[in-house]
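Engineer: what's the 3D shape of this:
(one chain, ligands or ions: 1)
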Amino acid sequence: MPLIAIDGPGGAGKSSVAAALAARLGVERLDTGAMYRAVTWCALQRGIATDDELRLGELARELHLAVAERVSVNGEDVSEAIRSPEVDAAVGAVSAQAAVRRALVARQRAWVATHHSGVLEGRDIGTVVIPDAPVKVFLTATPEERARRRAADQATPTGPRDVAVVAAEIGARDRLDSTREVSPLIPADDAVVIDSTGRSIESIVDEIAALAGAEAGSAPEAGLRPVRPISRRVRWFYFVCRGIAVSAGHIFMHGPIVGAENLPRSGPFLVAPLHRSDIDFLIVARITRRRMRFIAKSGIFVNRQFNWLIETLGAFPVNRRATDREAFNRALEILIAGEPLVIFPEGTRNTGPTIGETREGAAYLALRAGVPLVPVGLAGTDTALPRGKVRPRFARIACVVGEPIMTGVEHHAGEGRFRIPRSAVHALTDELRRAIQQLSDEAAGIVADR
Ligand code: DC
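Structural biologist: Numbering: from 1, shown residues only. Presented below is the predicted three-dimensional model:
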């Protein structure tokens, strides 16, 4: 089942068609307009101006956003609120901000990466989000028809809204959407233009399903699973456990954490440290008070209480028989949900001061999710707890956090395709390896220089 991109102006019938098509084909749908609306709703709540690109961009990166049947923002159901006249009036300006688009396009591509098939609707799906989608439709309708539909959709208890007023609003939004500098609303060169005026939803769904060469009722592929936002109770518990563990760790491992201010203060990021010892985790947990997630073998999830404890501390299980893809998808889901994640790019504990073979998973994941990649250098942990030993020894340690390597849309912009080129993954992995080595050398210098 292919990916299907449906673009077009407001009132062209995209949502009804996309929903019916997804149901017919048994795949999921992503309403990208709802994502722009959710960011706009939140900006209005927080009093952020609709032209404050910096803060809007931050918001679009950080929000815990779940867009499916219902839409929720940081756990709050906003499905109705994002369709309010206030959001309608502001969403055009918010979605014209380049930083907002960068953040949301990255999230949309991450959705694609885990779904592999599905229906995406919006304004720039075929041109920007997935330019290599095999099926692209540009759905349109006459301005009168679109105004009539919108007026009926936005009916109040006293009756439908005035069609002339709605027509004027639609006209204004069309102008904003099609003339904005970033990703204006235009049909992709290879999109099939369908005029929905006077046509039934069913007939349009038939036409697109035929384009996709799709068989009705084929099985859906594995989808993105939601990640529950961290609750206040869990946050507190983590805070206390971290405090105890970090203080206890100080007894054996004394030394500075350098460069923690480099960490993004909010939103998702991927931390990539050197790996020399089982206690590396404990040192890495010192760099931020935020709970970071990490992959753990399912074998250590032995009973309910213990599972709860390590999950609360950030671990997520990967089935021993799971494919790499399953672990990759879970990691992607966590980053998309806005949480930080730790991955040791060497994949295993190595020895000595030189970074071992660096796997490409971390770089690939950061590129896919469009999140900052934070290199971290370590020294001394292999003295504190060498491989094969269970009892820690007193040792001086140092941990140096590097500047985040920013990834995102611009990293593969201009490639003309959605797939991340291998060359970009190689280049980022090289950059990461060099950074971790340099930071670890710095850390080793600090340890030696006591
Ligand atoms: O489809 P909609 O009316 O819910 O979209 C709301 C706004 O979001 C609309 O002004 C266009 C904008 N949008 C966008 O710029 N890019 C998308 N991919 C989807 C929506």
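Engineer: buried sites along the lengthiest helix in the chain?
Structural biologist: Using DSSP state H to define each element, the chain has its longest helix at helix 422-448. By neighbour count on 16 or more other C-beta atoms under 10 Å, the buried set for helix 422-448 is 424-425, 428-429, 432-433, 435-437, 439-440, 442-444, 446-447. From N, CA and C alone the C-beta is placed, and that goes for glycine too.
Engineer: go on, stretch 39-54?
Structural biologist: Buried residues in stretch 39-54 (16+ other C-beta under 10 Å): 39-44, 48, 50, 52.
Engineer: as a markdown table, those with distance to Ser200 would be great.
Structural biologist: Below are these laid out as a markdown table (distance: C-beta to C-beta, whole Å):
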| residue | distance to Ser200 |
| --- | --- |
| Val39 | 33 |
| Thr40 | 32 |
| Trp41 | 32 |
| Cys42 | 36 |
| Ala43 | 37 |
| Leu44 | 36 |
| Ile48 | 41 |
| Thr50 | 37 |
| Asp52 | 43 |
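Engineer: of those residues, which is the nearest to the ligand?
Structural biologist: Thr40 (7.9 Å; C-beta to the nearest ligand atom).
Engineer: list the contacts for that closest one?
Structural biologist: 50, 82, 87, 90-91, 94-95 (C-beta atoms under 8 Å, 6 or more residues apart in numbering).
Engineer: now the closest residue to the ligand within the stretch 101-250 of the chain. Nearest residue, chain neighbours left out?
Structural biologist: Closest to the ligand within the stretch 101-250 of the chain is Gly122: 2.5 Å, counting by C-beta to the nearest ligand atom. Sequence neighbours aside, Thr32 is the residue nearest to Gly122 in space, at 3.5 Å (criterion: C-beta to C-beta, 6 or more residues apart in numbering).
Engineer: stretch 36-56 - what's its average pLDDT?
Structural biologist: What stretch 36-56 shows for mean pLDDT is 97.
Engineer: could I get it in CSV with only the CA atoms?
Structural biologist: Extracted C-alpha coordinates of stretch 36-56, given in CSV (Å, rounded to 0.1, in the frame of the first residue of the first chain):
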residue,chain,number,x,y,z
TYR,A,36,-0.7,23.6,12.6
ARG,A,37,-4.0,24.3,14.3
ALA,A,38,-2.8,22.6,17.5
VAL,A,39,0.4,24.8,17.6
THR,A,40,-1.7,27.9,16.9
TRP,A,41,-4.2,27.0,19.7
CYS,A,42,-1.3,26.5,22.2
ALA,A,43,0.3,29.8,21.1
LEU,A,44,-3.0,31.6,21.7
GLN,A,45,-3.3,30.0,25.1
ARG,A,46,0.3,31.1,26.1
GLY,A,47,-0.1,34.6,24.6
ILE,A,48,2.7,34.0,22.0
ALA,A,49,2.4,36.5,19.1
THR,A,50,1.6,34.9,15.7
ASP,A,51,4.8,36.5,14.2
ASP,A,52,7.2,35.5,17.0
GLU,A,53,9.0,32.9,14.9
LEU,A,54,11.5,31.9,17.6
ARG,A,55,9.0,31.0,20.3
LEU,A,56,6.5,29.5,17.8
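Engineer: touching the ligand at all, it?
Structural biologist: Yes. Stretch 36-56 is in contact with the ligand by C-beta under 6 Å from any ligand atom, via 36-37.
Engineer: if we can go back for a sec, save the contacts of Thr40 as TSV, and put in secondary structure too.
Structural biologist: TSV is the format used below for those (DSSP: H, G, I helix; E, B strand; the rest coil):
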residue	secondary structure
Thr50	coil
Ile82	helix
Val87	helix
Ala90	helix
Val91	helix
Val94	helix
Ser95	helix
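Engineer: picking that back up, quick one, what contacts the residue nearest to Gly122?
Structural biologist: Thr32 sits next to 104, 108, 120-123, 125, 129 when contact means C-beta under 8 Å, 6+ apart.
Engineer: reformat these as CSV; add secondary structure.
Structural biologist: CSV is the format used below for these (three-state DSSP):
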residue, secondary structure
Leu104, helix
Gln108, helix
Leu120, strand
Glu121, strand
Gly122, strand
Arg123, coil
Ile125, helix
Val129, helix
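Engineer: follow-up on the earlier one: neighbour-wise, which one of the contacts of Thr40 leads?
Structural biologist: Ser95 (29 neighbours; other C-beta atoms under 10 Å).
Engineer: for it, what are its contacts?
Structural biologist: Taking C-beta under 8 Å, 6+ apart as the criterion, Ser95 is in contact with 36, 40, 101, 123, 177, 180.
Engineer: ok, now Arg290?
Structural biologist: Shown in contact with Arg290 (C-beta under 8 Å, 6+ apart): Pro340.
Engineer: tell me the SS of it?
Structural biologist: coil.
Engineer: could you check how far it is from the ligand?
Structural biologist: 30 Å (C-beta to the nearest ligand atom, to the nearest Å).
Engineer: what's the answer for Gln97, then?
Structural biologist: 10 Å.
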